[in-house]
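# Give me the fold of what follows.
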Amino acid sequence: MKAYMLGQYEVAFDLFHEEATQGNRLAQTLLGDMYRKGLGTSKNAQAASQWYRRAVEQGEPEAQYNLGLMYLRGEGVTSNKRQGAFWIEKAARQQYLPALYALGWMYVNGHGVMKNLPQALEWFRQAAERGELEAQYSLGWILAQAEGSLRDRTAAQYWWEQAATNGHVGAQYGLGWLLQQTSTGPSDYQAAAQWFLRAAEHDNVHAQYSLGWLYAKGLGVDQDAKEAAKWFYLAAKHGLAQAQYDLGMMYARENGVPLDHEQARHWVTQAAQQGFTDAQYQLGAWYQTGQGVEGDSHRAAYWFRLAAEQGHPESQFHLAMMYRHAEGVEYDIVEAYKWAALASAQGHQQAQHMERELALSLSPSALARAQQRLHDWIAAHR
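Numbers count the residues shown, from 1 in each chain. Reported below is the predicted structural model:
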């Protein structure tokens, strides 16, 4: 073992091989590892599986787990997810920590077993109770967001606290999120801000955004637009669309940052290109009015359409108006009706008025075509 720990793999391989052939199950497992990873010998997945199999015959849990992974991946053996689950569960029943955690996710995803969230929670709980941080984190998320009787945010908070206090950045963010979601007063927001800060300082992008949001709203911290912009920027440069949009709007409104239309357009465009509908709508509005950009009705229609296709009601209404008035698109009153009706169905009052107007002005045949387009769009977007 000393040679292995020192990286003297060829020496370790010879020693393990000798002990493995004499029936030492730990040596058999380590020899399987060396064949699988190509340490001290050439990679040979089939030989690895054979040595793992000899070790599992003696009940070695690490070998059971590794053999299970090989079956799941089809590595050195014929792929067989059920067989993989069988061996991983064997290891889990011996309280082998990686197997406990892996089996939890297998029951979440239905990987080699039938999906079973209560069963997943039980395996995660066993791993979490033994101090596995990833299991504590995963258990927290499932308990916090599960439907019905499985949801238990008190237990979620407990497990996230266990992981967060031991430095798990995701759990630190999760704990902040949970405290924010369930807040009953200023102290909860203050605690949320503290956890967000710990995670944000380790580059958790969602924590950076959430901390910025608390500064923007003055919840749990003193309201500070400059501090909000700082954290939004950090999240935005890591690609979080919501942060990019909010930062862009701060530049457009001179809120915490200097007025800068170019920066506003840059960040809002970054968000829009990721499919963020509010950003797509905003770009459409800017190009339509020429606010901070050179007016361009064709570009306005382009961005309104992208958001409208994702169900954004304000964009659907604006696109309807553009078809009605041939602004950036060819005149098409049937298409105008379709988009107005879609926005109307979401409670947009101006669109509801427009839909009624168009229904009265269209000929029976044109109205029938418009309604057919509407039904086709709805069917395609279910």
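# got any ranges where the stretch 1-150 of the chain has weak pLDDT?
Along the stretch 1-150 of the chain, the model assigns pLDDT under 70 to no residue.
# Only the C-alpha atoms, please, for the helix or strand where A300 lies, written as CSV.
Assigned by DSSP states H and E, A300 falls within helix 297-309. What follows is the C-alpha trace of helix 297-309 in CSV, where atoms were taken according to Å, rounded to 0.1, in the frame of the first residue of the first chain:
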residue,chain,number,x,y,z
SER,A,297,-38.5,48.3,-36.6
HIS,A,298,-37.2,45.2,-38.2
ARG,A,299,-34.9,44.4,-35.3
ALA,A,300,-37.7,45.3,-32.9
ALA,A,301,-40.0,42.8,-34.6
TYR,A,302,-37.2,40.2,-34.5
TRP,A,303,-36.8,40.4,-30.7
PHE,A,304,-40.5,40.7,-30.0
ARG,A,305,-41.1,37.5,-32.1
LEU,A,306,-38.5,35.6,-30.1
ALA,A,307,-40.2,36.5,-26.8
ALA,A,308,-43.7,36.1,-28.2
GLU,A,309,-42.9,32.5,-29.4
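# Could you list every helix and strand in contact with whatever helix or strand comes next after that helix?
Following helix 297-309 in sequence order, the next helix or strand is helix 313-325 (DSSP H and E). Helix 313-325 sits against helix 277-289, helix 297-309, helix 333-344, helix 349-361, with contacts defined as 3 or more CB pairs under 8 Å, 6 or more residues apart in numbering; DSSP states H and E. Just so you know, the C-beta spots here come from the backbone N, C-alpha and C atoms, and that holds for glycine as well.
# Comparing those, which stretch has the densest surroundings?
Across these, the average number of neighbours (mean count of other CB atoms under 10 Å) peaks for helix 333-344, which reaches a mean of 25.
# hmm, who's touching that helix?
Residues external to helix 333-344 that are found in contact with it (CB atoms under 8 Å, 6 or more residues apart in numbering): 308, 311, 313-314, 316-317, 319-321, 323-324, 329, 351-352, 354-355, 358-359, 361-362, 366-367, 369-371, 373-374, 377-378.
# try 6 Å
Under the criterion CB atoms under 6 Å, 6 or more residues apart in numbering, residues 313, 316-317, 319-320, 323-324, 351-352, 354-355, 358, 366, 369-370, 373-374 lie in contact with helix 333-344.
# ok so, going back, could you export the helices and strands packed on helix 313-325 as CSV, including mean pLDDT?
CSV is the format used below for the helices and strands packed on helix 313-325 (pLDDT from 0 to 100):
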stretch, mean pLDDT
helix 277-289, 98
helix 297-309, 98
helix 333-344, 97
helix 349-361, 96
